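Colleague: from the sequence below, what's the structure:
(one chain, ligands or ions: 1)
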Amino acid sequence: MSDSPLLKTATLHAAREALQRLPQLQRLLETPTAQALLLRYRREHVAEAMRDRLDALRQSICAGAAKGVAPYFVEATFFIEVRDELARRHASRLVRVINATGIALHTNLGRAPLAAEALDAIVETAAGYCNLEFDLATGERGSRHALVEERLCRLTGGEAALAVNNGAAAVLLALMALAAGGEVIVSRGELIEIGGSFRIPDVIAQSGARLVEVGATNKTRIDDYRRAIGPATRVLLASHPSNFRITGFTERPPREQLAALAREHGLPFIEDLGSGALVGMEAFGLPHEPTVAETLRAGADLVSFSGDKLLGGPQAGILIGRKEIVARLKRHPLLRALRCDKLALAALEATLALYEAPTPPQQRVPLLRMLAETPQAVARRARRLAGLLRAIPGLDVVVAQDRSPVGGGSLPGDTLPSTTLLLKTSDISADGIARRLRQARPAVIGRIARDRFILDLRTVNDAEVRELARLVAEALAASSAS
Ligand SMILES: *Cc1c(COP(=O)(O)O)cnc(C)c1O
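Modeller: I've put the predicted structure just below:
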C-alpha cells in the first residue's frame, strides 16, 4: 500500500507542509509559556531545549513521511516536552534517598548519615570563615591537623593522630611515608579488595613499595612473617578482612605477636582496621569487632580506619599511633593532596565530641542509634508504616521478620534482627515498584525478593514514616508510562 506512488506523493507533500509550519524559535520564545519558563531557567538554556525539540520534530517528520505518517506541530505538547526536558537537565543529580534496604552502612547510599551536631558544625563554621589553619591563641598560622588530634588520642589512647580524605588515602599515605622503596609484608589471607577499586596489592604498588606475601589464604603463622623479614623490609601490614570472612581451618597470629616481632626488628607494625569501631559492637548484639583502642593496646604502631563506617562520621581516613610515626606522615609532601577539607573536619570533630559526651554515643550518632535500636522498636515502626500503606487501594502489605546486614565493609556476615514490609500489587511488578520509587523525590531504595518489593525498617527513621507512605502511594498512583 505504501508503494502507491500517489500516497507517497501525498505524505511527502504533508511532510513538506509540516516542516514549513514549524514555528520559528524566536516566535516560540515570545509566547507566554516560554516567558514562564524564562523565570525559572536562563534564556540560552530554554532556547537550547526548544531548538533540540524542534530538531527532533524535524527528524520525526522526515522519518514519518518515509513511513507514510507525518507528525505535525502541536504547541501545547511541544511546551510540555520542553518543560520536562529542562526539568530533567537542571534537576540536582545528588538527591536525598530514604534507605529502606536495612543496610545501615550502604556504600552506594553515602555510608553513615551525620549526626545533627555534625551538620550544625558544618553550617556554623563553613557558612563564613573559620580558624581552619589559624591558631587563635597565638594569632599565627595553625595546623588543620591539630583540630581533631587531641580528641582522637583521648578516645583511643593513641599518642598522635591525623585525618585525611578517606580510608584508602590513609593506607596510601602510611605506605608512601613508611615503606616507599622497600618491602611491605602482608599475609596472603589479608590481600583484600574493598569496594571494587581499593586493593591492598595495588595500593602497595602505588605507594612505591614492594609487596611480600606470606602464609596461605587461610593460615599464616608468626614464623611466616619472621622468615620474610630482610634488609629491605620497611613495614609489617595487617589488614582487617572487613567485607568477607574465611571460616574453617584458619589461623592468624595474635596482633601482640606481630607487634612484638616488628619491635624486635625495629619495624613499624601497621593495622588497616577499615571499619574503625570506637565502641564495642557487642553492645548492639553484634559480634565483637576489634576497636581502635584495643588494636593500639595490642601493639600496633599505626592504625588506619574510615570516618564514615562504624564511627558514624563524615568521609575521612584516620591514622592513629606512635608520635614519631605520625610525624613522618605529617611531613610527607603528598599529604596536601590527601588532606581533609573543612567540612569534613567540622563534622568529624563534632562526631568525635559525641563519643566524649556524658550520654552514650548511640543516643546521638545516627549509625549507632540504628544498630542499637531494639527489634521491638523497629517492629513498631514497621506496623505504623503498614497501617498507612494498607490505605492504598490494591496494595497487599505483609509484615515479616527478617535480618539486616550492617554493610559498608563492616561486620561481614553479621546481621541484626529487623522487620520488613513485603509489598505486592496485581498490576505493577516488584521491579516496576522499585523503578517508580527510585524516580520519586526523595528517592526510596528497597530490595526485591520473590517478586515482592521489600522495605526494611531498620534504616528508616521515625520521622520518615509518613513521607515514605506518601511516596509509595504517589508512585503506585502515577501512570504506568513513567
Ligand atoms: C573500607 C576499607 C578501606 C577503604 O576505606 P575508604 O574510606 O572506603 O577509602 C580500606 N581498608 C579496609 C580494611 C576497609 O575496610
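
Colleague: chain neighbours aside, what residue packs nearest to the residue in the stretch 301-450 of the chain that the ligand sits nearest to?
Modeller: Here the stretch 301-450 of the chain gets closest to the ligand at one residue, residue 306, 3.4 Å apart by CB to the nearest ligand atom. For glycine as for every other residue, the C-beta is placed from the backbone atoms N, C-alpha and C. The spatial neighbour of residue 306 that comes closest, neighbours along the chain excluded (CB to CB, 6 or more residues apart in numbering), is residue 167 at 3.8 Å.

Colleague: number of residues surrounding the one you found?
Modeller: By the criterion of other CB atoms under 10 Å, residue 167 has 29 neighbours.

Colleague: same thing with residue 306?
Modeller: Neighbourhood size, residue 306 [other CB under 10 Å]: 29.

Colleague: kindly report the same for residue 323.
Modeller: Under the criterion other CB under 10 Å, the count of neighbours that residue 323 has is 11.

Colleague: around the ligand, pick out the residues from this structure.
Modeller: Neighbours of the ligand within the chain, by CB under 6 Å from any ligand atom: 166-168, 171, 192, 194-195, 198, 239-240, 242, 272, 274-275, 306, 317, 409.

Colleague: list the contacts of whichever residue of the stretch 201-350 of the chain sits closest to the ligand.
Modeller: The ligand sits closest to residue 274 of the stretch 201-350 of the chain, with a gap of 2.2 Å, by CB to the nearest ligand atom. By CB atoms under 8 Å, 6 or more residues apart in numbering, the residues touching residue 274 are 167, 194, 239, 240, 242, 305, 306, 309, 409, 410.

Colleague: check residue 173 too.
Modeller: Taking CB under 8 Å, 6+ apart, one finds 164, 317, 319, 329, 332, 334, 335, 338 in contact with residue 173.

Colleague: follow-up on the earlier one: can you pull up the bridge partners for the residue of the stretch 301-450 of the chain closest to the ligand?
Modeller: Note on residue 306: beta-bridge partners by DSSP bridges are residue 317.

Colleague: and it, what does it touch?
Modeller: Applying CB under 8 Å, 6+ apart, we find residue 306 in contact with 111, 166, 167, 170, 274, 275, 276, 315, 316, 317, 318, 409.

Colleague: quick one: the helices in the stretch 251-400 of the chain, in order.
Modeller: Remark: helices assigned in the stretch 251-400 of the chain by DSSP state H, counting those that start in this stretch are 255-264, 292-297, 323-331, 335-338, 342-356, 366-372, 375-389.

Colleague: next, the residue nearest to the residue of the stretch 201-350 of the chain closest to the ligand when sequence neighbours are not counted: phi, psi?
Modeller: Take residue 274 and drop its neighbours on the chain: the residue closest to it by CB to CB, 6+ apart is residue 242, 3.9 Å away. When read as degrees, to the nearest 10, the backbone of residue 242 gives phi -90, psi -10.

Colleague: thought residue 242 was touching residue 194?
Modeller: Yes - with contact defined as CB atoms under 8 Å, residue 242 counts as touching residue 194 (6.8 Å).

Colleague: next one, pLDDT for the residue in the stretch 101-250 of the chain positioned nearest to the ligand please.
Modeller: Nearest residue of the stretch 101-250 of the chain to the ligand (CB to the nearest ligand atom) works out as residue 167 at 2.2 Å. Listed pLDDT for residue 167 reads 95.

Colleague: list the contacts for it?
Modeller: 194, 198, 272, 274, 304, 305, 306, 309, 317.

Colleague: tell me how far it lies from residue 303.
Modeller: 11 Å (CB to CB, to the nearest Å).

Colleague: what of residue 250?
Modeller: For residue 250, the distance to residue 303 equals 22 Å [CB to CB].

Colleague: now swap in residue 10 and tell me
Modeller: Residue 10 is 80 Å from residue 303, by CB to CB.

Colleague: of the two, who's got more company?
Modeller: residue 303 (30 against 14).

Colleague: shaky segments in this protein?
Modeller: In the predicted model of the chain, residues 1-8, 68, 70, 408-410, 479-482 satisfy pLDDT under 70.

Colleague: what residue spans form the domains of it?
Modeller: The chain breaks down by automatic domain parsing into domains covering 5-85, 97-105+370-481, 116-360.
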